[in-house]
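*Asks:* Give the three-dimensional model of this entry:
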Amino acid sequence: MDTSTIQQRVFAIERPHRNLLGYYVLSSFVLGPLFLFPLIPRFFRYETLRIRFDEEGISMRWGLLFRKEIHLTYSRIQDIHLRSNFVERWLGLARVEIQTASGSAKAEMTIEGLLEFEDQKYILAFDKDITERKQAEEALQRAEKLVVVGEMAAGLAHEIKNPLAGIKLSIEVLSSELDLAKKDGELTQQIIAEINRIETLLKNLLNYATPPTPQFAPIDVNQIIESTLEIAKFSLKSPARGAKPQQPKEIEFVRELNDLPLIVADTGQLQQVILNLLINAVYAVQDRGTIRIATSATADDSIQIAVSDDGEGIAELDLKKIFQPFFTTKPNGTGLGLPICKRLIEQQSGTISVIRNPERGLTFTIHLPVEQMRVVSVR
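*Replies:* Next up, the predicted model:
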């Protein structure tokens, strides 16, 4: 019997097992002539006891004159204990005691009776989905890390940026005023290039720790993609500053831009994210390849942007760390490009994810709502 069939039958349960009445009778006879005193209320409890299982939780009710009802949602359940004495085991019965996080040692709900289906017996089991809790914990951990990174970034900007600018200016002055040998001139230019790299790292660190507040306005996503593609194509012809000239890559950009509604987002930040993804895709492709960018509207009042390439891809273990700060597979990368993209998208109530393509390369997918959530302050 599969799990879904068991679940359906558990949800169909409304009464305790019939052996429960026999247990009430036998346990009452222990008192001898006074057996009727405990047996009568137990008999009415058995006759009126109703149990309900559904997608949200468990309900129990019983009683005639003094009716009692208990309802527990699955999210409140903390511990489940299986109890049975000698008589219950002899009758094939057990009690399931359910405790919550209320702090009381006493069970919040006790379900008496073993559930029996055909020739098989099952004890109640509760499968608790903790996905939302884990996501909330991870979000909290990220927030705590961002606080630390923000403080560190502010300190770095103050303690390093100004002295670094002085060093750079001094070297530029010496390089221009002194008659240096060719080898010494190349060395000073290399020093300046490394200082520029440190300045870029500081800037990216500040952008990650304290990104600018989004300036929301209605925008045409397809139009932004078209203009960003032109910038990405230009990057093929113009290598980054300090990079060695390379043989131009033969890359085909494929557009699959479907009709989209106008969305409320920050034009500059969205363009920054798309450009970063396209440049990463260009870097991943070897000598020739294809970069595909597609858009579509989804049923939940949001839009989707997918950027895929057929480049080298990335190992499965590294894929989980791709949005972590300072993780990079590039020789001269800072490891902050994709984390900044994630921060910018999350600021606009969206999500960004990545998967490995079946054959080669990666696909990054962005989800953005059509409308931003409005926050109304009440005074």
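*Asks:* for the stretch 251-379 of the chain, what spans make up the strands?
*Replies:* Listed in chain order, the strands of the stretch 251-379 of the chain (DSSP state E, counting those that start in this stretch) span 263-265, 288-297, 302-309, 351-356, 362-369.
*Asks:* which residues are in contact with stretch 22-41?
*Replies:* Contact with stretch 22-41 is made by 42-43, 45-46, 87-88, 91, 93, 112, as judged by C-beta atoms under 8 Å, 6 or more residues apart in numbering. C-beta coordinates here come from the backbone N, C-alpha and C atoms, glycine included.
*Asks:* average pLDDT across that stretch?
*Replies:* Per-residue pLDDT over stretch 22-41 has a mean of 81.
*Asks:* mind listing what's buried in it?
*Replies:* Neighbour-count burial for stretch 22-41, with 16 or more other C-beta atoms under 10 Å as criterion, is recorded at 23-24, 27-28, 39.
*Asks:* Name the member of those with the shortest distance to residue 308.
*Replies:* Checking these against residue 308 by C-beta to C-beta gives residue 23 as the nearest, at 63.4 Å.
*Asks:* So what's the residue count around residue 168?
*Replies:* Residues contacting residue 168 under the criterion other C-beta atoms under 10 Å number 17.
*Asks:* give me the low-pLDDT residue ranges for the chain?
*Replies:* 1-13, 103, 114-136, 138-139, 142-158, 209, 235-247, 373-379 (pLDDT under 70).
*Asks:* list the helices and strands the longest helix anywhere in it packs on?
*Replies:* In the chain, with assignment by DSSP state H, the single longest helix is helix 182-209. Helix 182-209 sits against helix 131-156, helix 162-177, helix 337-347, with contacts defined as 3 or more C-beta pairs under 8 Å, 6 or more residues apart in numbering; DSSP states H and E.
*Asks:* Can you point out the buried residues in it?
*Replies:* Buried, per 16+ other C-beta under 10 Å, within helix 182-209: 188, 192, 195, 198, 201-202, 204-209.
*Asks:* Stretch 66-76 now?
*Replies:* For stretch 66-76, using 16+ other C-beta under 10 Å, the buried residues are residue 72.
*Asks:* got it, and stretch 306-315?
*Replies:* Buried, per 16+ other C-beta under 10 Å, within stretch 306-315: 306-311, 313-314.
*Asks:* before we move on, the earlier item: which among the buried residues of helix 182-209 gets closest to residue 279?
*Replies:* Once C-beta to C-beta is applied, the member of those that ends up nearest residue 279 is residue 204, at 13.9 Å.
*Asks:* still on that earlier bit, can the strands of the stretch 251-379 of the chain go into CSV with extra columns for distance to residue 70?
*Replies:* Output for the strands of the stretch 251-379 of the chain, formatted as CSV (distance: least, C-beta to C-beta, whole Å):
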stretch, distance to residue 70
strand 263-265, 46
strand 288-297, 46
strand 302-309, 40
strand 351-356, 39
strand 362-369, 40
